[in-house]
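*Asks:* sequence? don't have it. structure:
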């Protein structure tokens, strides 16, 4: 199944996937304005005659759910966390309904990989436990008049045998923070570093008469429950007492854990999910409060009638959704892979029937059913297909989940991509969309992945056609019901994202094609007399490259060229969800386009904050409400999209002041790293190696500092910069 090598390679991947809380900008010297946008969730989207209440929430796929009071009215609301893209989806309770309120995202710190909300200091407010550097970060809920959190620790520690040490956590495991022994404070269950066994980290804060807000952990039991998990599968051995003879030192299966008194006997039982498996295992506790002992196991969870079965690595969230103090169960995949999980009907809701003393399945698409949810990936395109003068909305996807199978012991999941067509049934000033076809052009039958559409009339016969890019880098042409694969034998590498756009203003639609490398190829239209032909002018148009080399070798460029006031502009999405904005394109097709920002701003009140909608975003730009400002639709890998109305542009300097925090250079470095901050003075610098060990620490004040790294060995390090309110992380290379 899924093996994790505890090696430098694994640690590098952990660091490369770390979502650093810094916004990096590359700004040209010229004074310019960049587009600004404001979110609008009121544009109707219909399926049949039903209007989706959460149409623009961005979709759901791999979810965890938590109760938390978002608006501080004394009533618990709902927070959903999307693992693929680290998206937070806040929902306010309105009776028995849920209102999506994305502005509350900005009350939370940067979070990644997994999230747990628990009130550890008994002040009635949920605090944050989340993944850090091979460990656990903790944020205390400091909300007063608005939602806020403050960092308690980057690496939660516990007393192991003779001294305190970091509590190990993997980015792919979901551990337990709960009052395991019912003594009034929060304990932790985490997997041993090689997996298989569960450690019980008991909190001794109350026993030691420490004030609320203290966390004092000790390793109480290195074989909690006296069971072991298979090294490369989900088999459970009961009464194993964790014998460590002949251990396999390099294997670990990613797991989810949910602690719940399932049979209501006063003892905490455990629900386990595992990478590559669709079922969960319920372990029944037959021990005592002071010493857990798992005595039975079953996969018929919560019952044999409708057992949990979700590929892959299902995570069970136990929470109160209707305010009756009886927890419901929400189940969704938690697999870290982008190509294994079920992505439709993947949020199962079980409600508890107190008369029958059993759970029953009430929905397989909780909240999903009120959203646009197109599987994995959502690549929006605006085009007037029916010729009524209104821009219709199309969306490609990576694919809908079809099935899973085990090949040579490894799980493989299969997806088939399609194009969704939403007709604009509104007016020139008030758009509205109705889903007309989830498989426009009947392309799902091809079993392709990552279809990305664009539209136009290439041969001049007055009939519209569709060109689609594919994950293999080729193009598909669809015209009059005829499908032509490998169109013109054009191949830009993996993940072709084409756009038909008259770039050189000669009256012919050129082909601009993004790719996985993060660049854009320019094929100039050289067609004559109805004979279609394109000539490759460059594979690196405008020197556009949307890769973030500190996080990935790939960029997954999704370009959208458009014109405003007759000026050609470009917005291009990338793998990390950034939106790159370029100008200086006209009369400069052989030169370098000017990158103005990598984070387009969203106007929230008087602030301008980066639009962040998840990973592998796609963008569509068009005039939808007749106000002379370009509107923006952003799709993400969770299968949905968000709608933003255009606003008057803002000077680059304004956004720079609001979002640029820290610059560290050069990188790689040999002796000195220069640290600059535009508006936040740095008070402390810490340097960690890839094991999470702190090796340097220094304090200073001001906006400029030179850090001497001459004593460090050549390697990759994590730089943590701290001021009174914030912290940011930077991967740096010592040569």
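*Replies:* Right, received. Where do you want to start? What you see is a predicted model, and the numbers here were worked out from it, not measured in a lab. Residues are numbered from 1 along each chain as shown.
*Asks:* residue boundaries of the strands in the stretch 551-700 of the chain?
*Replies:* With strands called from DSSP state E, counting those that start in this stretch, the stretch 551-700 of the chain shows them at 558-564, 567-573, 579-583, 594-597, 601-604, 607-610, 618-622, 631-635, 641-651, 662-665, 672-677, 684-688, 694-699.
*Asks:* and those strands, which is most packed in?
*Replies:* Of the strands of the stretch 551-700 of the chain, the one with the most neighbours on average (mean count of other CB atoms under 10 Å) is strand 631-635, at a mean of 27. Any C-beta I mention is one placed from the backbone N, CA and C, and that applies to glycine too.
*Asks:* And it, how far out from the chain middle?
*Replies:* Offset of strand 631-635 from its chain centre (CA atoms, centre = their mean, to the nearest Å): 17 Å.
*Asks:* What's the mean pLDDT across it?
*Replies:* Averaging pLDDT along strand 631-635 yields 98.
*Asks:* Can you tell me which helices and strands it packs against?
*Replies:* With contacts defined as 3 or more CB pairs under 8 Å, 6 or more residues apart in numbering; DSSP states H and E, strand 631-635 has these neighbours: strand 33-39, strand 379-383, strand 618-622, strand 641-651.
*Asks:* Sheet partners, orientation included, of that strand?
*Replies:* Partners of strand 631-635 in the sheet, by DSSP bridges, are strand 618-622 (antiparallel), strand 641-651 (antiparallel).
*Asks:* What are the contacting residues of that strand?
*Replies:* Outside strand 631-635, the residues that touch it by CB atoms under 8 Å, 6 or more residues apart in numbering are 35, 37, 377-380, 382, 393, 395, 571, 573, 579, 600, 611, 613, 617-625, 641-646.
*Asks:* tilt between it and strand 558-564?
*Replies:* With axes from the mean of the first three to the mean of the last three CA atoms, to 10 degrees as the basis, strand 631-635 and strand 558-564 are set at 180 degrees to each other.
*Asks:* Where does the prediction get shaky in the stretch 351-500 of the chain?
*Replies:* Within the stretch 351-500 of the chain, no range satisfies pLDDT under 70.
*Asks:* tally of neighbours for the closest residue to residue 326 other than its chain neighbours?
*Replies:* Leaving aside its sequence neighbours, residue 326 sits nearest to residue 352 (CB to CB, 6 or more residues apart in numbering; 5.2 Å). By other CB atoms under 10 Å, the residues close to residue 352 number 16.
*Asks:* one step back: can you lay out the strands of the stretch 551-700 of the chain as JSON lines showing distance to residue 108?
*Replies:* Formatted as JSON lines, these follow (distance: least, CB to CB, whole Å):
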{"stretch": "strand 558-564", "distance to residue 108": "27"}
{"stretch": "strand 567-573", "distance to residue 108": "23"}
{"stretch": "strand 579-583", "distance to residue 108": "21"}
{"stretch": "strand 594-597", "distance to residue 108": "23"}
{"stretch": "strand 601-604", "distance to residue 108": "14"}
{"stretch": "strand 607-610", "distance to residue 108": "13"}
{"stretch": "strand 618-622", "distance to residue 108": "25"}
{"stretch": "strand 631-635", "distance to residue 108": "20"}
{"stretch": "strand 641-651", "distance to residue 108": "18"}
{"stretch": "strand 662-665", "distance to residue 108": "20"}
{"stretch": "strand 672-677", "distance to residue 108": "22"}
{"stretch": "strand 684-688", "distance to residue 108": "23"}
{"stretch": "strand 694-699", "distance to residue 108": "25"}
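*Asks:* least reliable of those going by mean pLDDT?
*Replies:* Sorting the strands of the stretch 551-700 of the chain by mean pLDDT places strand 662-665 lowest, at a mean of 72.
*Asks:* Helix, strand, or coil at residue 387?
*Replies:* Under the three-state scheme (DSSP: H, G, I helix; E, B strand; the rest coil), residue 387 adopts coil.
*Asks:* so who does it touch?
*Replies:* Contact analysis of residue 387 by CB under 8 Å, 6+ apart lists nothing.
*Asks:* Just confirm residue 203 contacts residue 189, I think it does.
*Replies:* No. Counting by CB atoms under 8 Å, residue 203 stays clear of residue 189, with 11.7 Å between them.
*Asks:* Who has more neighbours out of these two?
*Replies:* The residue with more neighbours, out of residue 203 and residue 189, is residue 203; 26 against 21, by other CB under 10 Å.
*Asks:* mind listing what the more buried one touches?
*Replies:* Here residue 203 is in contact with 185, 186, 187, 188, 215, 216, 217 (criterion: CB under 8 Å, 6+ apart).
*Asks:* ok, now with 6 Å
*Replies:* Residue 203 sits next to 185, 186, 187, 217 when contact means CB atoms under 6 Å, 6 or more residues apart in numbering.
*Asks:* In space, what's closest to residue 272 - neighbours in sequence excluded?
*Replies:* Leaving aside its sequence neighbours, residue 272 sits nearest to residue 281 (CB to CB, 6+ apart; 4.8 Å).
*Asks:* how near is the residue of the chain most remote from its centre to residue 179?
*Replies:* Here the chain reaches farthest from its C-alpha mean at residue 529, the gap being 47.3 Å by CA atoms, centre = their mean. As judged by CB to CB, to the nearest Å, residue 529 and residue 179 stand 78 Å apart.
*Asks:* same question, residue 676
*Replies:* In terms of CB to CB, residue 676 sits 45 Å off from residue 179.
*Asks:* do the same with residue 324
*Replies:* With distances taken as CB to CB, residue 324 is found 22 Å from residue 179.
*Asks:* Looking at these two, which is more packed in?
*Replies:* Applying other CB under 10 Å to residue 324 and residue 179 shows that residue 179 carries more neighbours, namely 15 against 11.
*Asks:* So residue 720 is in contact with residue 685, correct?
*Replies:* No. Contact criterion CB atoms under 6 Å: residue 720 and residue 685 do not qualify, at 7.2 Å.
*Asks:* can you pull out the strands in the stretch 251-400 of the chain?
*Replies:* Counting by DSSP E, counting those that start in this stretch, the strands of the stretch 251-400 of the chain are 255-260, 269-274, 280-285, 294-298, 314-319, 328-333, 348-353, 358-363, 379-383, 392-396, 400-407.
*Asks:* could these be laid out in JSON lines, adding distance to residue 57?
*Replies:* What follows is these, written out as JSON lines (distance: least, CB to CB, whole Å):
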{"stretch": "strand 255-260", "distance to residue 57": "24"}
{"stretch": "strand 269-274", "distance to residue 57": "25"}
{"stretch": "strand 280-285", "distance to residue 57": "27"}
{"stretch": "strand 294-298", "distance to residue 57": "35"}
{"stretch": "strand 314-319", "distance to residue 57": "18"}
{"stretch": "strand 328-333", "distance to residue 57": "15"}
{"stretch": "strand 348-353", "distance to residue 57": "17"}
{"stretch": "strand 358-363", "distance to residue 57": "16"}
{"stretch": "strand 379-383", "distance to residue 57": "15"}
{"stretch": "strand 392-396", "distance to residue 57": "15"}
{"stretch": "strand 400-407", "distance to residue 57": "19"}
